[in-house]
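Asks: predicted model and sequence below, questions to follow.
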Amino acid sequence: MMLDGIGLFKGITAKMNWLDQNQRVIAQNVANADTPGYHAQVLSKPDFGAMMKMSEGTSAHLQMASTEEGSNLGTAAISTDAKAKAGKIKYEASPDNNGVVLEEQLFKANQNSTDYQLATDLYRRNAGMLRMVLQGSSGR
């Protein structure tokens, strides 16, 4: 079944790809937890407004609505965790000036895994519904 052209499946696939890359960044942070001077990296949230744009040549475009000023400023770049930690309580101090807090990274890995499972479940359920509709209409 060709699902590449359906916006919902494009969005879920994009989210799953981002979660895959995010897991790699988290794993890199954990792997460098003892590296002197290493600072944890963060994969910024993607711009879902750009992902959901209609294809070129159509007159309709989806617009992202912002409920808070500055709420849709995400980029697909990797940045240091220093910005993300602004205002957070620091749980541990590292003697080698390492910026990786293992507890935070493990929490992020768990959340990432949960989000990935949700995305795969949504993909599977929506593909199943689409399959039922197509089979039901051809069986009559």
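Replies: Perfect, thanks for sending it.

Asks: hey, let's count contacts and neighbours off CA atoms from now on
Replies: OK.

Asks: now stretch 34-51: buried residues?
Replies: Across stretch 34-51, burial judged by 16 or more other C-alpha atoms under 10 Å covers 38-46.

Asks: which stretches of this structure have low pLDDT?
Replies: Within the chain, the ranges that satisfy pLDDT under 70 run 1-5, 48-97, 137-140.

Asks: before we move on, back to that, please flag which of the buried residues of stretch 34-51 sit within helices.
Replies: Using DSSP state H, no member of the buried residues of stretch 34-51 falls in helices.

Asks: in strands, which of those fall?
Replies: 41-43 (DSSP state E).

Asks: how near is Gln41 to Asn110?
Replies: 17 Å (C-alpha to C-alpha, to the nearest Å).

Asks: and which of the buried residues of stretch 34-51 is nearest to Gln23?
Replies: For the buried residues of stretch 34-51, the residue nearest Gln23 by C-alpha to C-alpha is Leu43; the value is 9.3 Å.

Asks: run a quick neighbour tally on Met132.
Replies: Look at Met132: counted by other C-alpha atoms under 10 Å, it has 12 neighbours.

Asks: one more: Met16?
Replies: Neighbour count of Met16, defined by other C-alpha under 10 Å: 20.

Asks: for it, list the residues it contacts.
Replies: 116, 119-120 (C-alpha atoms under 8 Å, 6 or more residues apart in numbering).

Asks: filter those residues down to the buried ones, PyMOL style.
Replies: Buried residues among these (16+ other C-alpha under 10 Å), as a PyMOL selection:
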select buried, resi 116+119
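
Asks: as TSV, the contacts of Met16 with secondary structure would be great.
Replies: Below are the contacts of Met16 laid out as TSV (DSSP: H, G, I helix; E, B strand; the rest coil):
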residue	secondary structure
Tyr116	helix
Ala119	helix
Thr120	helix
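
Asks: hey, where'd the helices end up in the chain?
Replies: For the chain, helices defined by DSSP H occupy the ranges 7-31, 48-51, 81-84, 102-138.

Asks: most tightly surrounded among the ones you listed?
Replies: Highest mean neighbour count of these: helix 7-31, a mean of 17 (counted as mean count of other C-alpha atoms under 10 Å).

Asks: angle of it against helix 102-138?
Replies: With axes from the mean of the first three to the mean of the last three C-alpha atoms, to 10 degrees defining the directions, helix 7-31 sits at 160 degrees from helix 102-138.
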